[in-house]
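*Asks:* Sequence first, predicted coordinates after that:
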Amino acid sequence: MFSLSVLLLTLMLLNSGLLISAGIVFTCDGFVHRLSCDTGVISVQSTTYGRTSSLICSFDRTPSEISNTQCSVDVSAVSKRCNGLRECETNTPGLAPRDPCPDTYKYYTTEYICIPAETSVTCGGEFNFLECGYGKIQINTANYGRTDKFTCSEGRPSSELQNTTCFSPNALSTVSKSCNGLESCLVFASRMTFTDPCVGTYKYLAISYFCVPPAIRSSLVCEHETSVLTCDDGTFIHIHSANYGRTDDSTCSAGRPASQLAKTDCYALNTETVVANVCEGKNSCSILASNSVFSDPCFGTFKYLYISYTCESK
């Protein structure tokens, strides 16, 4: 079996009212790694290359090729290429940063979730509107570049479509600053707006975003700072979501080296539980954004604590 997709679980997040499915995909070395979401968009939690089982991708392999089950290296390219898309196909040759065990036959393992989100694609030189019928825009992912040969390809010569690893470094921060917190916003897919990551390639602006209900409040503090949540008299905190980690390279980045900002798929899985234990049902609360409170989900990365909550009557 060259590629195996397994549905791990389906989580109904009662706090947020969102249905999120989670899955894991195994792909044998040399074949196409495919991720897809029936609803929502892809959010890669982790990808590794190596071998941790003697059974997966073992057909027609010699014992010596599958005996090493302690062989693994992280692969960041999959999250960079696939996050925010509904479907994603990636050729595996050359995808991993290095070969962790040369004499072992390896495979790729990706764990990902499907997050409910809106999507928008704007071809180079064109305008587009993002809008929420209810709530305010919160940008999830944005890239000005090219990650496949088919999107915005009509009438374009083949030479302008070949580079499919083209990512603008300032797309997410630029779109977020223009659109977050608004009911609608105008985006322009232009190299005058974004850094041109691949001269000679015809690019497009791909965005995924949420519509956050207006009643939801948010708090964001950098690592080592304290988040303070407050509600008006007679109302009480109800936590919707929370994450201690890093999901972009621009938030809490001032004065930080690039090495501390590079990992943007960093999630402390206990964040929502810890925050709810401290704050749920209270009129106000405070919580420190610290490894000592949440554990360290990505060593060496400078993190921040994001919390969304509402104030409700009991």
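*Replies:* Alright, I've got the coordinates. Numbering: from 1, shown residues only.
*Asks:* now the helices: where do they sit in the stretch 51-200 of the chain?
*Replies:* Taking DSSP state H, counting those that start in this stretch, the helices of the stretch 51-200 of the chain run over residues 63-66, 77-82, 171-179.
*Asks:* Highest mean neighbour count out of the ones you listed?
*Replies:* The highest average neighbour count among the helices of the stretch 51-200 of the chain, using mean count of other CB atoms under 10 Å, belongs to helix 77-82 at a mean of 22. C-betas here are computed from N, CA, C, even on glycine.
*Asks:* average model confidence for it?
*Replies:* In this model, helix 77-82 carries a mean pLDDT of 88.
*Asks:* Likewise for stretch 151-169?
*Replies:* According to the model, stretch 151-169 has a mean pLDDT of 94.
*Asks:* What of stretch 238-252?
*Replies:* On average, stretch 238-252 scores 91.
*Asks:* Show me what counts as buried in it.
*Replies:* If you call a residue buried by 16 or more other CB atoms under 10 Å, then stretch 238-252 has these buried ones: 238-249, 251-252.
*Asks:* is it possible to export those to JSON lines including distance to residue 288 and secondary structure?
*Replies:* Listed next are these as JSON lines, based on distance: CB to CB, whole Å; DSSP: H, G, I helix; E, B strand; the rest coil:
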{"residue": "238", "distance to residue 288": "21", "secondary structure": "strand"}
{"residue": "239", "distance to residue 288": "16", "secondary structure": "strand"}
{"residue": "240", "distance to residue 288": "20", "secondary structure": "strand"}
{"residue": "241", "distance to residue 288": "19", "secondary structure": "strand"}
{"residue": "242", "distance to residue 288": "13", "secondary structure": "strand"}
{"residue": "243", "distance to residue 288": "15", "secondary structure": "strand"}
{"residue": "244", "distance to residue 288": "10", "secondary structure": "strand"}
{"residue": "245", "distance to residue 288": "15", "secondary structure": "strand"}
{"residue": "246", "distance to residue 288": "17", "secondary structure": "strand"}
{"residue": "247", "distance to residue 288": "20", "secondary structure": "coil"}
{"residue": "248", "distance to residue 288": "22", "secondary structure": "coil"}
{"residue": "249", "distance to residue 288": "23", "secondary structure": "coil"}
{"residue": "251", "distance to residue 288": "18", "secondary structure": "coil"}
{"residue": "252", "distance to residue 288": "15", "secondary structure": "coil"}
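*Asks:* Output stretch 201-214 as CSV, nothing but the C-alphas.
*Replies:* The C-alpha trace of stretch 201-214 is given here as CSV (Å, rounded to 0.1, in the frame of the first residue of the first chain):
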residue,chain,number,x,y,z
THR,A,201,6.6,32.8,-12.3
TYR,A,202,2.9,33.9,-12.6
LYS,A,203,1.7,34.1,-9.1
TYR,A,204,-1.7,34.2,-7.2
LEU,A,205,-2.8,35.1,-3.7
ALA,A,206,-4.4,32.2,-1.8
ILE,A,207,-6.1,33.0,1.5
SER,A,208,-8.1,31.0,4.1
TYR,A,209,-9.9,32.8,6.8
PHE,A,210,-12.5,32.5,9.6
CYS,A,211,-15.5,34.6,10.3
VAL,A,212,-15.3,35.2,14.1
PRO,A,213,-18.7,36.0,15.7
PRO,A,214,-18.7,39.6,17.0
